[in-house]
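Peer 1: With the input below, show me the fold.
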Amino acid sequence: MADSSDTRTPAQIEADIRRRREVLAETLDEIGARVHPKTIVGDARAKMVSHIDHTLGRAYVGVNRVVSDVKEQLVSEDGAPRFERIVPVALVAVGVVGLLALGSRRRRG
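Peer 2: Below you'll find the model as predicted:
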């Protein structure tokens, strides 16, 4: 739409058109780079790596907390083992391993 009050010269109009074409070309280049398969794969890979890092970090913190809690239960503040707590835990562990071995042996035979 041409505005009748437009007082620009033809040279100014051509310069404006050139600038707009350059901006449009840059925009199209950016769009082309964003939709390029390598860019899409790279972005997906970066998101996946970030998610894995975040998940592993949370898992590490969780495991560290559990280990600290178990250590707190099985070792006194001065670092000595609490045998009154370790022995029952060890017996339960041996019992579970024994039951698993028995179950495995029965399935084979």
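Peer 1: Show me the contact partners of stretch 58-67.
Peer 2: For stretch 58-67, contacts defined as C-beta atoms under 8 Å, 6 or more residues apart in numbering pick out no residues. For glycine as for every other residue, the C-beta is placed from the backbone atoms N, C-alpha and C.
Peer 1: Against residue 9, how distant is residue 80?
Peer 2: 93 Å (C-beta to C-beta, to the nearest Å).
Peer 1: Does the host helix or strand of residue 88 pack against any helices or strands, and if so which?
Peer 2: For residue 88, the host element (DSSP states H and E) is helix 83-108. Where contact means 3 or more C-beta pairs under 8 Å, 6 or more residues apart in numbering; DSSP states H and E, helix 83-108 is packed against helix 37-74.
Peer 1: So which bits of the helix it packs on are buried?
Peer 2: Within helix 37-74, no residue counts as buried by 16 or more other C-beta atoms under 10 Å.
Peer 1: Now do that helix: distance to the chain's middle.
Peer 2: 7 Å (C-alpha atoms, centre = their mean, to the nearest Å).
Peer 1: Report the mean per-residue pLDDT for it.
Peer 2: Mean per-residue pLDDT for helix 37-74: 94.
Peer 1: can you give me the angle that helix makes with helix 83-108?
Peer 2: 120 degrees (axes from the mean of the first three to the mean of the last three C-alpha atoms, to 10 degrees).
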